[in-house]
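Asker: predicted structure and sequence below. I'll ask about it afterward.
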Amino acid sequence: MSNSTLENNLKAATLPKSALRNAGLLDSETAQKEISTRMSKKLYGFSRKQLPPGIPSEPRVWLFSVSEYGETISLGAGFGETWEIKPCPEGKDYGPACGVKPIYFQEEVVVDKTEHTPFTDVQIVECLMKQGAGLNASLDRRRVGWFVSYENPPRPEAVAEAKRIYSAECKRLVEEGNKKSRSGKKEDFDEINEENRRAAKFLKQNVDWDKAVSKMIDCPRCGEPVKEGIVVHAVSSCGHVFQLLPYWVSLVQSGQKVITDAPEAIQERLVKELKR
Ligand SMILES: [Zn+2]
């Protein structure tokens, strides 16, 4: 500390405020206020730390999708970029590569300047693929058809392995879709989602729930929601017949009923229909 600073500090600690102002000095209380005001101003105009030039940017690892599922992922504004895993085009084995650079720096504001936290490609890949310690296996992005390759283009074995994992998941999703469709409950049917439909398409499975959700109407007898266009509300608690003619055609054709069991009003039409 210089002699003049020592002298000023002594004055600031001992002289009254007015005398300090005349001497062009601040008392300790005002000085503290000044400093904190200047700090908070700096929060709005914080200074950014610069990264050194020449940081390696050539990817050593790539992400691909074997499914028609793609996504643009942000890991936070501090990265200043996003990663785009593109869907696999129809008829191809895998989609375009998403390169992951060797190192990334997440920029964070610390008081009045920014700090950079480094992340390696391995760490970024773990985040994008939702793999690694502490992460639920059900989130693993291999289950939507994505895979990691340290080569571009990827080895055929890596593609085959990705397809094997995704196919297994698709089988589960198709079974889930079938179960929800079979239950006959509207809330189950509504739960069939894009994932289930993608899975059916990937496995080239013919299912009756792979199109957009059917329109539901209320059953006039029991009030339960039912799919529009059904012949009969085939539950033990109801049995309402929506389409009398197709219903009786089926009963007579299968031998469960005879023509004369049908309501008289439709018997004539029933005979005609059965002769076709
Ligand atoms: Zn009903």
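Answerer: Thanks, I have it.
Asker: residue in the stretch 51-200 of the chain with the shortest distance to the ion?
Answerer: Here the residue of the stretch 51-200 of the chain nearest the ion is residue 184; by CB to the ion that distance is 10.8 Å. Glycine gets a C-beta too; all of them are placed from N, C-alpha and C.
Asker: pLDDT wise, what is that residue at?
Answerer: We have a pLDDT of 77 for residue 184.
Asker: could you do the one 10 residues further on as well?
Answerer: According to the model's per-residue confidence, residue 194 sits at a pLDDT of 89.
Asker: same question, the one 10 residues further on
Answerer: Model confidence at residue 204, given as pLDDT, is 91.
Asker: show the subsequent helix or strand relative to whichever strand or helix holds residue 7.
Answerer: Taking DSSP states H and E as the definition, one finds residue 7 inside helix 3-14. Proceeding C-terminally, helix 3-14 gives way to helix 17-22 as the next helix or strand, assigned by DSSP H and E.
Asker: CA-only coordinates of that next one in CSV, if you can.
Answerer: C-alpha atoms of helix 17-22 as CSV (Å, rounded to 0.1, in the frame of the first residue of the first chain):
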residue,chain,number,x,y,z
LYS,A,17,-18.4,12.9,5.9
SER,A,18,-18.4,16.6,4.9
ALA,A,19,-14.7,16.9,5.4
LEU,A,20,-14.2,13.7,3.3
ARG,A,21,-16.4,15.0,0.5
ASN,A,22,-14.3,18.3,0.5
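Asker: so where is this structure shaky, pLDDT-wise?
Answerer: Low-confidence segments of the chain, defined by pLDDT under 70: 1-6, 12, 26-46, 211-214.
Asker: strands of that one, residue ranges please.
Answerer: When assigned using DSSP state E, the strands of the chain occupy the ranges 61-65, 71-74, 82-85, 98-100, 103-110, 113-120, 146-149, 216-218, 225-227.
Asker: contacts for the last one, please.
Answerer: Which is strand 225-227. Under the criterion CB atoms under 8 Å, 6 or more residues apart in numbering, residues 186, 189, 214-219, 233 lie in contact with strand 225-227.
Asker: quick check: residues of the protein near the ion?
Answerer: On the criterion CB under 5 Å from the ion, the ion has as its neighbours in the chain the residues 219, 221-222, 233, 238, 240.
Asker: again, 8 Å this time
Answerer: Proximity of the chain to the ion is confined to 219-224, 226, 233, 235, 237-240 under the rule CB under 8 Å from the ion.
Asker: compute the number of surrounding residues for the closest residue to residue 104 other than its chain neighbours.
Answerer: Distance criterion CB to CB, 6 or more residues apart in numbering; nearest residue to residue 104, sequence neighbours excluded, is residue 119 at 4.7 Å. When neighbours are counted by other CB atoms under 10 Å, residue 119 registers 17.
Asker: equivalent analysis for residue 206, please.
Answerer: Residue 206 sits with 7 neighbouring residues when counted by other CB under 10 Å.
Asker: now residue 96
Answerer: Counted by other CB under 10 Å, the residues lying close to residue 96 total 16.
Asker: what sits against it?
Answerer: Counting by CB under 8 Å, 6+ apart, residue 96 makes contact with 64, 86.
Asker: quick thing: my sequence starts at 16, can you match it?
Answerer: Understood, numbering begins at 16; the last thing we discussed is residue 111.
Asker: how close does it get to residue 104?
Answerer: Relative to residue 104, residue 111 is positioned 8 Å away (CB to CB, to the nearest Å).
Asker: repeat for residue 92
Answerer: Computed with CB to CB, the distance linking residue 92 and residue 104 is 31 Å.
Asker: for the spatially most central residue of the chain, which non-adjacent residue is spatially closest?
Answerer: The central residue of the chain, meaning the one whose C-alpha is nearest the mean C-alpha position (CA atoms, centre = their mean), is residue 86 at 7.8 Å. Of all residues not flanking residue 86 in the chain, residue 100 sits nearest, at 5.6 Å (CB to CB, 6+ apart).
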